[in-house]
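**Student:** Pasting the sequence and the predicted coordinates here, then a few questions.
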Amino acid sequence: MPVLSGCKSVETTIGIRVDSQYPREDFRGVWLASIGNLDWPVSNEQTVEEQKADAVAILDSLKGIGINAVLFQVRAESDALYASSYDPWSFWLTGEQGRAPDPFYDPLFFMVREAHKRGMELHAWLNPFRVERKKGQYDLAGNNVSLREPGWILEFESRPGEYYTMLNPGLPGVRDYVTNVVVDIIRRYDVDGIHFDDYFYPASPVSNEDSLAWRAYDNDTGDIGDWRRDNINRLMAQIHDSLQALAPHVSYGISPFPIRKNDDAGTNGLESYYTLYADGQAWLEAQSIDYINPQLYFEIGNDQADYASMLAYWTEAAYNNRRYIYAGLSPYKLLPPHDWTLEQAVSQLRMNVEHPFLQGNIYFRTEHLLSNPKGYTDVLRDELYRYPALTPSMPWKNQEAPMQIDRLAASWSGDGRVVLTWADRETGNETSNTARYAVYRLVDSFEQYEKVLEAGALADAGLRKAILQARNMADVTGPKQFVDHWPDHRGEAIYIVTAVSRNSIESEPAAIRAVREGDVFSYHAL
């Protein structure tokens, strides 16, 4: 019996899940960490060609699993894995902070292009405030913000003899600086999202390090804790407003520590509201983010923090404020020293699949997902992600559908493959909101096959909805081409292609019928 059996069909007003086991829209994200050379690049001593080859291999492997969005860490320690005029090149990229790749290339541009080739989204993952995870671990570049603006820096002893440095969120200049970094990215790179992790104020106790800034910029909060939370909230709103003005199609999400307050979900652990000064509920209530991705890295039934209880709290908070939630999952917990059972991890997947108010999952992190711990990735690829999916469309973003594709054609490759090609329809408009394409395939054993052959069948909204579902989806692709393996026993197939907007709104479908009789191959427009 499949591991993920017993799923139900549900429908919600925020994100439609007509088929919860195989939803047509489902966020399937993964973190791609650069700090410490955790995921990519695996070493800061690699050549440029080795880095590129590894990146391509990673994206191919993630595509093969069914992942449709990559959260690429481009700013880990006030540095950059892209050509930035604000921050120096990352130590984790070249082995020397401030040194550009040689021969030159731009990793963010490269990752965006390669992800889009595969029909995947690429989100730029930034840490807004961290400067040094471990002070003195490597030499800082001369243009590092901490050297240019020493008055912006807060320092904390993270453990005996080790120090953590960060930008002071209480300074308006710092918030403007971080906002400008984000604006620079969305203006110059075709990213699909901006993503922040959970490091705001540090878990190390904060005492009076920022007291001078509090006195100068109290904003009538009266309490230093409220003031710190207000600093974060102000930055969230400032970035949201910038995105709305310059790139409203770009989604904006944050991954908070999952315990906001212990009273929220009956937990008994570190409270991000009081320790990290992060209030995810406030961001949802203000609708300053598009989605929240709580890092739910605890077991179901955990005495300190129960996965199910935290999931219930966050899904309700997101739903009530008409924003999305993507659950943060932790395949690394299947490995020592945590050594979860596969059943524990799969039970979380099952719980998420059955939840009506959840729009997807994000996995921490790429290395662990690709290593297939205890067969976890097999469950994703073979069951939960058996069929492709679009990322979820957001009702508060652009609902305009792209133009229908043009000149859909098929050819026989001679080696057991059919090659579909098409073109964008000429409109005379230089701008297009087409981001990718969805390809659906029906073979003559499918119930809907004969119905589609009827003239005008795809114009029927009810039938179109029944056909354009995940179970019939063959691929989501960036190029205007799809290559399909054609089994020897297949005589006919219907291919349906839609253009898909950045907000996963599909165009009117275009369809052809492909027929093979012996060595003779033909196709006919429908």
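**Tutor:** Okay, I see it. Numbering: from 1, shown residues only.
**Student:** So the residue lying closest to residue 51 once chain neighbours are set aside: helix, strand or coil?
**Tutor:** Leaving out its chain neighbours, the residue that sits closest to residue 51 by CB to CB, 6 or more residues apart in numbering is residue 41, at 4.7 Å. Where you see a C-beta, it was placed from the backbone N, CA and C, and this is true even at glycine. At residue 41 the chain is in coil, as set by DSSP: H, G, I helix; E, B strand; the rest coil.
**Student:** And residue 41, how far from residue 215?
**Tutor:** Distance of residue 41 to residue 215, computed by CB to CB, to the nearest Å: 44 Å.
**Student:** Looks to me like residue 497 is in a strand.
**Tutor:** Yes. Residue 497 forms part of a strand when assessed by three-state DSSP.
**Student:** I figured it was touching residue 509, is that so?
**Tutor:** Yes. Between residue 497 and residue 509 there is a contact at 7.0 Å, judged by CB atoms under 8 Å.
**Student:** How about the contacts made by the residue nearest to residue 51?
**Tutor:** Taking CB atoms under 8 Å, 6 or more residues apart in numbering, we find residue 41 in contact with 34, 50, 51, 54, 92, 93.
**Student:** so where does the third one fall, helix or strand?
**Tutor:** According to DSSP states H and E, residue 51 maps onto helix 48-65.
**Student:** Give the other helices and strands that that helix contacts.
**Tutor:** On a contact count with 3 or more CB pairs under 8 Å, 6 or more residues apart in numbering; DSSP states H and E, helix 48-65 meets helix 107-117, helix 366-370.
**Student:** Nearest approach to residue 453 belongs to which of the ones you listed?
**Tutor:** helix 107-117 (33.0 Å; CB to CB).
**Student:** what residues does the very next helix or strand once past that closest one touch?
**Tutor:** Downstream of helix 107-117, the next assigned helix or strand under DSSP H and E is strand 121-126. Applying CB under 8 Å, 6+ apart, the external contacts of strand 121-126 come out as 29, 31-32, 68-75, 108, 111-112, 115-116, 181-182, 185, 189, 191-197, 251, 253, 391.
**Student:** Can you tell me which of those residues end up in helices?
**Tutor:** Applying DSSP state H to these, the entries found in helices are 108, 111, 112, 115, 116, 181, 182, 185.
**Student:** so which of those residues comes closest to residue 505?
**Tutor:** Closest to residue 505, out of all of those and judged by CB to CB, is residue 116, at 17.3 Å.
**Student:** Now the closest one. Nearest residue, chain neighbours left out?
**Tutor:** Per CB to CB, 6+ apart, closest to residue 116 is residue 478, 4.6 Å.
**Student:** Identify the residues contacting that neighbour.
**Tutor:** Contacts of residue 478 by CB under 8 Å, 6+ apart are 116, 117, 118, 119, 436, 437.
**Student:** In a strand, the last one, correct?
**Tutor:** Spelled out, that is residue 437. Yes. Assessed by three-state DSSP, residue 437 belongs to a strand.
**Student:** burial of the residue nearest to it when sequence neighbours are not counted, as a residue count?
**Tutor:** Spatial nearest neighbour of residue 437, excluding adjacent residues (CB to CB, 6+ apart): residue 477 at 5.4 Å. Number of residues near residue 477 (other CB atoms under 10 Å) recorded here: 23.
**Student:** and residue 477, how far is that from residue 108?
**Tutor:** Distance from residue 477 to residue 108, by CB to CB: 22 Å.
**Student:** Please apply the same query to residue 154.
**Tutor:** 28 Å.
**Student:** thinking again about what came up before, list the buried residues for the helix holding residue 51?
**Tutor:** 48, 51, 52, 54, 55, 58, 59, 62, 63, 65 (16 or more other CB atoms under 10 Å).
**Student:** ditto for stretch 310-318
**Tutor:** 310, 311, 312, 313, 314, 315, 317, 318.
**Student:** ok, now stretch 173-191?
**Tutor:** So, applying 16+ other CB under 10 Å, buried residues of stretch 173-191: 174-175, 177-179, 181-186, 189-191.
**Student:** And the furthest pair within these?
**Tutor:** Every pair of the buried residues of stretch 173-191 checked by CB to CB; the farthest is 174 and 190, at 27.5 Å.
**Student:** Quick check: beta-bridge partners of residue 75?
**Tutor:** residue 126 (DSSP bridges).
**Student:** any low-confidence regions in the stretch 1-150 of the chain?
**Tutor:** 1-20 (pLDDT under 70).
**Student:** State which helix of the chain is the longest.
**Tutor:** Longest helix in the chain, counting by DSSP H: helix 224-246.
**Student:** Alright, calling it a day.
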